[in-house]
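J.: Turn this into a model:
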Amino acid sequence: MKGKFPIDKFQEIDTPFYYYDTQLLRQTLNAIKAEVSKHEGFVVHYAIKANANPKVLNIIAQSGLGADCVSGGEIKASLSAGFPADKIVYAGVGKADWEINLGLDKNIFCFNVESIAELEVIEELASIRNKKARVALRINPDVGAHTHSNITTGLAENKFGIAMRDMENVIDVMSTMPHVEFIGLHFHIGSQILDMGDFVSLCNRINDLQKQLIRKRIVVPNINVGGGLGIDYTHPNRVAIPDFKSYFDTYARHLNLSHGQTLHFELGRAVVAQCGSLITRTLYVKQGTAKQFAIVDAGMTDLIRPALYQAYHKIENITSDGPIATYDVVGPICESSDVFGKSVDLNETRRGDLIALRSSGAYGEIMASQYNCRKLPVGYITEDL
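T.: Got it, this is the predicted structure:
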């Protein structure tokens with residue numbers, strides 16, 4: 001693996017920083033497009049929240065994917081990166097008026113709406129502009145996912161979406177709104193899902209809901225199943241590209257679409273996670289009572305997932321060929337949770353060695369903070385070095 005990193009260039013850059021392998025990113029995008037092309041009516045939107053590095057976004061936009069946004073800032077970032085407005089979907093449980101107005105002014109494809117209260121505001125703001133807002137209802141399907149509780153979004157107890165029992169009532173209310181056009185249903189059950197059975201459960205639920213609507217002679221032109229496909233954090237080299245074939249085939253086999261319906265996906269992590277690594281430098285090796293610590297200059301401010309989700313990232317010393325030793329890899333932040341990994345086997349590590357935290361292209365740089373008055377990490381792509 002060490003040969004894949006331009007280590008000589010890395011030595012010249014202040015750490016910590018993010019490095020994005022654009023060759024792998026393009027291979028991943030090509031794999032997505034190849035699988036999607038096998039299925040008529042499949043459309044993929046990239047979930048901007050996973051990584052909004054402008055250079056990464058530009059590559060994804062050039063590939064032809066649409067954009068899935070959850071804030072006005074993400075809509076602006078998408079447009080700046082070259083995503084067409086008519087390929088932008090906008091979700092989020094708490095859209096501010098200025099964000100809705102931005103979507104209306106830019107004529108985005110669709111608002112994924114989560115409550116009657118939100119519908120009423122969209123109707124009011126669209127009427128002021130004499131526009132018609134295209135809307136998909138985000139339905140909470142009460143489908144569990146085999147993932148971390150903090151990234152499960154499809155259960156009845158979660159804050160997201162409209163309850164299934166309220167769906168028909170919301171549609172009836174929407175029919176009285178002249179500035180809102182009902183164009184679809186939206187779902188999302190969670191993130192980092194590797195069990196295709198979870199997506200089968202979602203398909204079954206959507207099939208039931210569509211039958212319910214058909215009985216009322218309602219056929220919506222768009223079904224949006226969100227994203228959620230996970231990656232292999234343990235083997236970033238061996239499984240660098242997720243199993244897109246199984247993912248798309250699962251929906252093709254189990255979701256009953258009506259003639260002419262378009263099926264939308266919102267993939268984030270699966271697109272960018274494996275191409276990104278957080279590169280950090282070893283500050284000290286500290287011998288404890290029963291263990292030794294590799295203290296690095298990156299912290300939870302640069303990559304919060306291990307502290308927030310107890311998430312695993314493969315950790316490699318990319319400048320040492322020494323014998324294997326065991327370390328707790330920790331950062332400099334004044335928090336006990338600022339730990340990237342415990343009992344990690346690394347090549348013998350010394351001050352100045354470069355450490356790579358792999359599979360951090362998603363929810364890494366984008367979630368960085370300036371806690372402890374630290375600088376935000378810079379993101380570099382292959383072409384920068």
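J.: Can you name every helix or strand that the helix or strand bottoming out on mean pLDDT in the chain contacts?
T.: Of all the helices and strands that make up the chain, strand 162-163 has the lowest average by mean pLDDT, DSSP states H and E, namely a mean of 90. When contacts are defined as 3 or more Cβ pairs under 8 Å, 6 or more residues apart in numbering; DSSP states H and E, strand 162-163 sits against strand 133-140. For every residue, glycine as well, the C-beta is placed using N, CA and C.
J.: Now for the spatially closest residue to Gly260 that is not a sequence neighbour: which residues touch it?
T.: When the adjacent residues along the chain are set aside, Gly260 lies closest to Pro221, with 6.8 Å between them (Cβ to Cβ, 6 or more residues apart in numbering). Under the criterion of Cβ atoms under 8 Å, 6 or more residues apart in numbering, the neighbours of Pro221 are Ile183, Gly184, Gly260, Gln261, Thr262.
J.: among the residues you listed, who's most crowded?
T.: Neighbour tally across the contacts of Pro221 (other Cβ atoms under 10 Å): the maximum, 22 neighbours, falls on Gly184.
J.: Give me the distance between it and Gln11.
T.: Using Cβ to Cβ, to the nearest Å, Gly184 is found at 51 Å from Gln11.
J.: Over to Lys245?
T.: Between Lys245 and Gln11 the computed distance is 39 Å (Cβ to Cβ).
J.: and if you look at Tyr309?
T.: According to Cβ to Cβ, Tyr309 stands 31 Å off from Gln11.
J.: Next: Leu29.
T.: Taking Cβ to Cβ as the measure, Leu29 and Gln11 are separated by 30 Å.
J.: Kindly provide the distance from Phe10 to Ile295.
T.: Between Phe10 and Ile295 the distance is 19 Å, computed by Cβ to Cβ.
J.: Might you report the residue contacts of the residue lying closest to Leu255 once chain neighbours are set aside?
T.: With Cβ to Cβ, 6+ apart as the measure, Cys203 is the residue that lies nearest to Leu255, at 4.3 Å, once sequence neighbours are left out. By Cβ under 8 Å, 6+ apart, the contact list for Cys203 reads Thr250, Tyr251, His254, Leu255.
J.: which SSE is Cys203 in?
T.: Counting by DSSP states H and E, the secondary-structure element that holds Cys203 is helix 196-214.
J.: In terms of secondary structure, what does the next helix or strand after that helix contact?
T.: Beyond helix 196-214 in the direction of the C-terminus, DSSP H and E gives the next helix or strand as strand 222-224. Helices and strands touching strand 222-224, as assessed by 3+ Cβ pairs under 8 Å, 6+ apart, comprise strand 110-113, strand 180-186, strand 262-267.
J.: change it to 10 Å
T.: With contacts defined as 3 or more Cβ pairs under 10 Å, 6 or more residues apart in numbering; DSSP states H and E, the packing partners of strand 222-224 are strand 42-47, strand 110-113, strand 133-140, strand 180-186, helix 196-214, strand 262-267.
J.: Which among these is found nearest to Asp384?
T.: Ranking the helices and strands packed on strand 222-224 by their distance to Asp384 (criterion: Cβ to Cβ) puts strand 42-47 first, at 20.9 Å.
J.: Could you list the buried residues of the next helix or strand after the closest one?
T.: Per DSSP H and E, the first helix or strand lying C-terminal to strand 42-47 is helix 54-62. For helix 54-62, a neighbour-count test (16 or more other Cβ atoms under 10 Å) marks Val56, Leu57, Ile59, Ile60, Ala61 as buried.
J.: thought Val219 was touching Asn256?
T.: No: between Val219 and Asn256 there is no contact under Cβ atoms under 10 Å: 11.8 Å.
J.: intersection of neighbour lists for those two?
T.: Jointly contacting Val219 and Asn256 under the rule Cβ atoms under 10 Å, 6 or more residues apart in numbering are Gln210.
J.: For Asn207, give its distance to Ser201.
T.: The value you get for Asn207 to Ser201, if Cβ to Cβ is used, is 11 Å.
J.: any common contacting residues for the two?
T.: Between them, Asn207 and Ser201 share the neighbouring residues His254, with contact defined by Cβ under 10 Å, 6+ apart.
J.: circling back: ok, then the element right after the least confident helix or strand of the chain?
T.: Counting by DSSP H and E, the next helix or strand C-terminal to strand 162-163 is helix 167-174.
J.: Quick one: distance of that next one to the chain centre.
T.: The chain centroid and the centroid of helix 167-174 are separated by 30 Å under Cα atoms, centre = their mean, to the nearest Å.
J.: Over to stretch 257-273?
T.: The gap between where stretch 257-273 is centred and where its chain is centred comes out at 13 Å by Cα atoms, centre = their mean.
J.: And that stretch, end to end?
T.: Between the opening and closing residues of stretch 257-273 we find a distance of 30 Å, counting by Cα to Cα, to the nearest Å.
J.: sorry, back to before: so if I had to pick from Tyr309 and Gln11, which one is more boxed in?
T.: Using other Cβ under 10 Å as the criterion, Tyr309 and Gln11 rank with Tyr309 on top: 16 against 12.
J.: Direction included, what does the least confident helix or strand of the chain pair up with?
T.: strand 133-140 (parallel) (DSSP bridges).
J.: All the helices of this protein, in order from the start?
T.: Secondary structure of the chain by DSSP state H: the helices cover 7-10, 22-36, 54-62, 72-81, 97-106, 116-128, 167-174, 196-214, 244-254, 269-272, 305-309.
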